[in-house]
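>>> Below: sequence and its predicted model.
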Amino acid sequence: MVTPEIITAVTKSTMPIKPTGIRLARLLRIWPEGVRIAAGLALGLALIWLAIPRTMAAFINLPGDPVLRAIQLGEPVTGDDLNGFIASREHALEWIDTGRAWTDLGLGYLNLAKQAGYGTKSGSIYIEQGAKAVETGLSKAPANAYAWARLTFLKLRRKDQNADAKNSLVLSLFTGPYERSLAPSRIRYGLAVWHRLNASQQALVHDQIVFLDRFDRRRLHQIVGNNRNLKVIALTALASHPERQAALRAALKN
């Protein structure tokens, strides 16, 4: 038998639940106006306080941003430009510690090393500084294929670091396997440490060779050159694409 008590209980259980936002709005209306103003002011100040470091870092980075764009576009930059760029990132790090600022630092030191000469004493120092900066940046923001590739190059320029460079290369391949601008350099790095890669890692480099052959066979041809071992690796990578393998073989003979 359905009693009035059961009907009341069922009705209450099926009543719509009031959204939390509505409850909060009603609660705020109950609070005195002065309390609401104080709470809003405190929240606003907290948000401003949290935004200050990022705002200041972005402002400090501004003088170095044109240099960064020039580097990325392959345009010439002077030593003074690079030192100013590095200074802007170091000062920005005093406000907020970000992985991007550290990897930018590494790029600055890498270009200083290039200008000084990788084999010179000062060039070696810049390479070491660049590697440490990029490593620090990647510890904070590891999903950066470009930074892992940059670290691979820096480690290859160190003495007796090929085994460590292999690990950076593999991480670059995992975090961004189909980055067009990275394919040529990653193939070069992979060929440089080929004897240190296991079969699955070599397969990743094979994939890069196939990828580059799709959109820039001429560049692949330049990388392989007249090196017999590199020719074998490149042709093996294209084994599952007979027509493209034949095209590359013909290009390598010319």
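Done, it's in. Numbering: from 1, shown residues only.
>>> Assign W95 to helix, strand or coil.
Using DSSP: H, G, I helix; E, B strand; the rest coil, the structure places W95 in coil.
>>> again with G119
coil.
>>> Check the spacing between it and Y126 real quick.
Plainly put, G119 is 12 Å away from Y126 if you go by CB to CB, to the nearest Å. (Glycine included, C-beta is placed from N, CA and C.)
>>> okay, those two: which has more neighbours?
Per other CB atoms under 10 Å, whichever of G119 and Y126 has more neighbours is Y126, with 25 against 10.
>>> ok, then the element right after the helix or strand where that one lies?
With secondary structure defined by DSSP states H and E, Y126 is part of helix 121-140. Using DSSP H and E, the helix or strand that follows helix 121-140 in sequence is helix 145-157.
>>> could you pull out the helices for this structure?
Here the chain has its helices, by DSSP state H, at 4-13, 20-30, 33-61, 65-72, 79-93, 99-116, 121-140, 145-157, 162-175, 183-192, 199-215, 217-224, 228-237, 242-253.
>>> For the residue positioned nearest the centre of the chain, give me the pLDDT.
Central residue of the chain (CA atoms, centre = their mean): N144, 1.9 Å from the mean position. The confidence metric pLDDT takes the value 95 at N144.
>>> any weak-confidence spans in the stretch 1-150 of the chain?
Low-confidence segments of the stretch 1-150 of the chain (pLDDT under 70): 1-53, 57, 59.
>>> quick revisit: which one of the helices of the chain has the most crowded surroundings?
Among these, helix 145-157 has the highest mean neighbour count (mean count of other CB atoms under 10 Å), at a mean of 24.
>>> Can you check what angle separates it from helix 121-140?
Taking axes from the mean of the first three to the mean of the last three CA atoms, to 10 degrees, helix 145-157 and helix 121-140 form an angle of 140 degrees between their directions.
>>> Which elements pack onto helix 145-157?
helix 99-116, helix 121-140, helix 162-175, helix 183-192 (3 or more CB pairs under 8 Å, 6 or more residues apart in numbering; DSSP states H and E).
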